[in-house]
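Undergrad: Sequence first, then the predicted structure, then my questions.
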Amino acid sequence: PLKLHDAAPVWSSESHTTAFSTNSNGNGNGKQQQQQQAECGMTPETEQGRQAKAAFLQQHGKEYGYGGLLDELYPREVGCRMKPNEHYMDYTGSSVYCQSQIAQVFEELRGRMFGNPHSANPSSSSTSNAVEEVRDLVLRFFNADPAEYQVVFTRSATGALKLVGETFPWSRGSTFAYLRENHNSVLGMREYALQAGGAFKALNETFVERWAQDEECGVDLTRPGGRDGPLPRLDGEPGPAHNLFAFPAEDNFAGVKYPLLWIQQIRAKSTHAAQWRVLLDAAAYVPTQPLDLREVSPDFVAMSFYKMFGYPTGLGALLVRIDAAEGLKKLFWGGGAVSLATSSADFHVLKCRPADKLEDGTVNFLDVIALKHGFGMIEKLGGIRAIQAHVATLTEYLYESLSSLRHSNGKPMLQIFGKHHFANSRQVQGGILNFELLRPNGSVLSYKAFEREAADAGFHVRTGAECNPGACYNYLGVMETEVQSLAGKKEGCHDDVEFITVQRSRALPAGSSAQPAALSSADTLASLAGSSVDLGHPAEVASQWVEVPLGSVRVSLGYMSTWEDAYALVKFIESKYKDRST
């Protein structure tokens, strides 16, 4: 039977019905499997490596590798597409698709005829039925009540966020509040609030935690005050001011997981004068973490399917509460979103169901139909909770291994961001390791040089700000005014600008990623007291010019990550960067 929350059907062309597939393509014999594993670098080549894996399995064997299934599947599902000793570690950028998943997709396309929906002809009806089956599947995977939620297909998580931004009932009294550590695509939604005369607020985690638990703490978010706080509603505007709070279930920079309890706490702050809705960016979260929409009830959930299982790309979803969808104000309409319209008069009637009303034009039906095969692979591995446990073991191993690396002088080789060091790390930290490589003196090495060298060595990793300026610049200690000074000089993560030269207090070491401190008179006097140098301005004694990085290295793990990936990265960093100064 189809299980809630973890399940997914796989197409079988023999029966032309959906069923779960438990067989993989070609069993092979033991020797063939061992050869495939060796070719994919899944067999440690040294005695040290074999002992390290044995120790890992002794500690994590019950949760790692889906009971041995990963060793069987990885070589023919993923490893066969990469060169020997390549390691894919960019799952937050995109997950990987499996060979059998793609084979099932095209087997279905070869075995059935699909046409444009919205008609009674056989191919159209077949498409309509298949698309609705996938909508139901998505709701079941997230354990969402179909009486409360609808699935709206979009081109991506960004498309889902844009849809909320352009249809949310912003007004002069609205506030768009969001966690600082949000993706750029969430930050961009603020333009819609400003366009309507509302305001936005970027909040840090400490403030949100206090606000969620204390009604008075958030009073500044709804007081009059122009761009720093919403103005009172204009006369004649009916009902409460509509406000929106957005946060990531897991941020895509350092992989920190934020309390889903915030959802109900913030929604509960609604009054007759100000209504609060909550948007959850789940794009980095749902590939490796369970989201149960009967336990938490965000008004909007944005996600992308290729981040879960690699294929298809260009397809995301907005999971929207039906009561929240009723308040959205759709401006553009077209295609199947409208039930009646005239060409001469300004008359149109949108369809009633949110999924129909909010999807413009023909849905990407072939890609939608392909989703069930990706969900099928998740089910084959034991479901999302098995993936969560598997990724957690590798995250813990990689953090423990990388954080223990030292230069010969005893100084750490890396600075790792996030909450890996917390006692409850599994509750607050996802499968991302974001770090800077450090010289023996503690200053920061080039993350772009690392990306190039890692790529040459076969590692698929990502560097830069990861489209998350709030998290990135906070961890690195870059002030927003300093970022603004780069306008016209920096074009993105792929350009050559990776450091900014700024003044910092001498209390901070060069290259420190601690939050920059302002220079006080006490700093100046203390420095002058210990200095015999005659300078033109006393503040120069208390300050220094330092290079601060504008990005870092992100390693992200996923459902097909292996211990060999993690071990190889640790050995590469240790051999390449120990005692390195250039």
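TA: Looks like it came in fine. Computed from a predicted structure; not experimentally measured.

Undergrad: And Ile416, how close does it get to Glu498?
TA: 19 Å (CB to CB, to the nearest Å). For every residue, glycine as well, the C-beta is placed using N, CA and C.

Undergrad: can you count the residues close to Ser128?
TA: If you count neighbours by other CB atoms under 10 Å, Ser128 ends up with 19.

Undergrad: Also Leu187?
TA: When neighbours are counted by other CB under 10 Å, Leu187 comes out with 20.

Undergrad: So for it, what pLDDT did the model give?
TA: Per-residue confidence at Leu187 stands at 97 (pLDDT).

Undergrad: swap in Ile500?
TA: Confidence at Ile500, expressed as pLDDT, is 86.

Undergrad: By mean pLDDT, flag the weakest helix or strand of this structure.
TA: Taking mean pLDDT, DSSP states H and E as the measure, the chain has strand 17-19 as its least confident helix or strand, at a mean of 35.

Undergrad: can I assume Val548 sits in a strand?
TA: Yes: according to DSSP: H, G, I helix; E, B strand; the rest coil, Val548 belongs to a strand.

Undergrad: Might you report the residue contacts of it?
TA: Val548 makes contact with 444, 476-478, 482, 499-502, 504, 511, 513, according to CB atoms under 8 Å, 6 or more residues apart in numbering.

Undergrad: at 6 Å instead, please
TA: Applying CB atoms under 6 Å, 6 or more residues apart in numbering to Val548 gives the contacts 478, 500, 502.

Undergrad: repeat for Arg294
TA: Here Arg294 is in contact with Asn143 (CB under 6 Å, 6+ apart).

Undergrad: Show me the helices in the stretch 251-400 of the chain, by range?
TA: 261-267, 306-309, 322-325, 354-358, 365-380, 384-403 (DSSP state H, counting those that start in this stretch).

Undergrad: and the angle from the fifth one to helix 384-403?
TA: Meaning helix 365-380. 80 degrees (axes from the mean of the first three to the mean of the last three CA atoms, to 10 degrees).

Undergrad: Quick check: which helices or strands does helix 365-380 pack against?
TA: helix 99-111, helix 122-141 (3 or more CB pairs under 6 Å, 6 or more residues apart in numbering; DSSP states H and E).

Undergrad: Tell me which residues of the last one come out buried.
TA: Applying a neighbour-count criterion of 16 or more other CB atoms under 10 Å, one finds 124, 126-128, 130-131, 134-135, 137-141 buried in helix 122-141.

Undergrad: quick revisit: export the contacts of Val548 as CSV, with columns for distance to Ala199 and secondary structure.
TA: Written out in CSV, the entries for these read as follows (distance: CB to CB, whole Å; DSSP: H, G, I helix; E, B strand; the rest coil):
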residue, distance to Ala199, secondary structure
Val478, 25, coil
Ile500, 29, strand
Val502, 29, strand
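
Undergrad: of the residues you listed, buried ones?
TA: Neighbour-count burial (16+ other CB under 10 Å) applied to the contacts of Val548 gives 478, 500, 502.

Undergrad: Tell me who's in contact with the second one.
TA: Going by CB under 6 Å, 6+ apart, Ile500 touches 482, 548, 550.

Undergrad: Can you tell me which of these is nearest Val151?
TA: In terms of CB to CB, no member of the contacts of Ile500 lies closer to Val151 than Leu550, at 37.8 Å.

Undergrad: mind listing the helices for the stretch 101-250 of the chain?
TA: Going by DSSP H, counting those that start in this stretch, the stretch 101-250 of the chain shows helices at 122-141, 157-167, 184-187, 190-195, 205-213.

Undergrad: need the ones you listed in a markdown table with distance to Tyr178, can you?
TA: Formatted as a markdown table, these follow (distance: least, CB to CB, whole Å):
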| stretch | distance to Tyr178 |
| --- | --- |
| helix 122-141 | 25 |
| helix 157-167 | 11 |
| helix 184-187 | 6 |
| helix 190-195 | 8 |
| helix 205-213 | 9 |
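
Undergrad: among these, which is nearest Gln289?
TA: Checking these against Gln289 by CB to CB gives helix 122-141 as the closest, at 12.5 Å.

Undergrad: Please work out the average pLDDT along that closest one.
TA: Averaged over helix 122-141, pLDDT sits at 97.

Undergrad: tell me the angle that helix makes with helix 99-111.
TA: Going by the same axes, to 10 degrees, helix 122-141 makes 150 degrees with helix 99-111.

Undergrad: how many other residues sit next to the nearest residue to Gly382 once chain neighbours are set aside?
TA: Spatial nearest neighbour of Gly382, excluding adjacent residues (CB to CB, 6 or more residues apart in numbering): Tyr66 at 5.4 Å. Around Tyr66 there are 19 other residues, counting by other CB under 10 Å.

Undergrad: And Lys53, by the same measure?
TA: 16.

Undergrad: Residues in contact with the helix or strand hosting it: which ones?
TA: Following DSSP states H and E, one finds Lys53 within helix 47-60. With CB under 6 Å, 6+ apart as the test, helix 47-60 has contacts from 44, 393, 397, 563.

Undergrad: Contacts only, for the first one.
TA: Neighbouring residues of Pro44 by CB under 6 Å, 6+ apart: 50, 53.

Undergrad: Please tell me the pLDDT value assigned to it.
TA: You'll see Pro44 listed with a pLDDT of 75.

Undergrad: Which secondary structure state is assigned to it?
TA: Per three-state DSSP, Pro44 ends up coil.

Undergrad: Point out where the stretch 101-250 of the chain drops to low pLDDT.
TA: 215-220, 222-238 (pLDDT under 70).

Undergrad: Oh, that last question was meant for the chain, not what I typed.
TA: Using pLDDT under 70, the flagged stretches of the chain are 1-42, 215-220, 222-238, 490-495, 506-543.

Undergrad: Point to the residue nearest the middle of it.
TA: Ala284 (2.4 Å; CA atoms, centre = their mean).

Undergrad: How about the contacts made by it?
TA: 92, 250, 252.

Undergrad: what does Gln429 give?
TA: Here Gln429 is in contact with 255, 418-420 (CB under 6 Å, 6+ apart).

Undergrad: ok, now how distant is it from Gly551?
TA: For Gln429, the distance to Gly551 - CB to CB - is 20 Å.

Undergrad: Then Thr167?
TA: Distance from Thr167 to Gly551, by CB to CB: 33 Å.

Undergrad: Of those two, which one has the most company?
TA: More crowded of Thr167 and Gly551, by other CB under 10 Å: Gly551, with 24 against 19.

Undergrad: The more buried one is in contact with Tyr447, isn't it?
TA: Yes: counting by CB atoms under 6 Å, Gly551 touches Tyr447, with 5.5 Å between them.

Undergrad: Between the two, which contacts overlap?
TA: The contact lists of Gly551 and Tyr447 share Thr463, where a contact means CB under 6 Å, 6+ apart.

Undergrad: Adding distance to Leu437, write the contacts of Ile500 out as CSV.
TA: Converted to CSV, the contacts of Ile500 look like this (distance: CB to CB, whole Å):
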residue, distance to Leu437
Glu482, 22
Val548, 15
Leu550, 15
